[in-house]
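sequence first, then the predicted structure:
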Amino acid sequence: MTACQKKLKQMDKQQQNNVQIELTDDIAQGIYSNLAVIAHSSSEFVVDFVRLMPGVPKAKVQSRIILTPEHSKRLMLALIDNIKKYEAQNGEIPIQGMDFNHPLMGPVGEA
């Protein structure tokens, strides 16, 4: 790691320690989503959170989050870390209908 990278990392850590995050009551309630649709361009990642209802042919986007590529990767790493901690306490989270070989999830075996 170069001296410049170390300095940037230190500055980023200081900024994180000084930020006061406000959570309003309406945002604190959250929005239920059971599907995320992700798209990207060279400069941003767009994550649409969708709620699918059984027997309803249409699904509405409940929330859209737009992230920089760097913050997208930070989110991915934070999710991986939190999922590992969750599974250590509660057991593996099963994923039904996962019939693809995702690079983060590893191969899916079949009998």
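Arrived safely, thanks for sending.

alpha carbons only for contacts and neighbour counts from here, please
Noted.

strands along the chain, start to end?
For the chain, the strands identified by DSSP state E occupy 35-40, 45-51, 60-67, in order along the chain.

tell me the helices and strands packed up against the first one.
This means strand 35-40. strand 45-51 (3 or more C-alpha pairs under 8 Å, 6 or more residues apart in numbering; DSSP states H and E).

so what's the residue count around the residue lying closest to Asn34 once chain neighbours are set aside?
Distances taken as C-alpha to C-alpha, 6 or more residues apart in numbering put Arg51 closest to Asn34, at 5.4 Å, once the chain neighbours are dropped. Residue neighbour count, defined by other C-alpha atoms under 10 Å, stands at 18 for Arg51.

Leu79 too?
Neighbours of Leu79 under the rule other C-alpha under 10 Å: 12.

okay, and the beta partners of the residue nearest to Asn34?
Legend: beta-bridge partners of Arg51 under DSSP bridges are Lys60.

what about the chain, any weak spots by pLDDT?
By pLDDT under 70, the weakly predicted segments of the chain are 1-2, 4-16, 98-111.

longest helix of it?
helix 69-90 (DSSP state H).

how far out from the middle of the chain is that one?
Here helix 69-90 shows a centroid-to-chain-centroid distance of 7 Å under the convention C-alpha atoms, centre = their mean, to the nearest Å.
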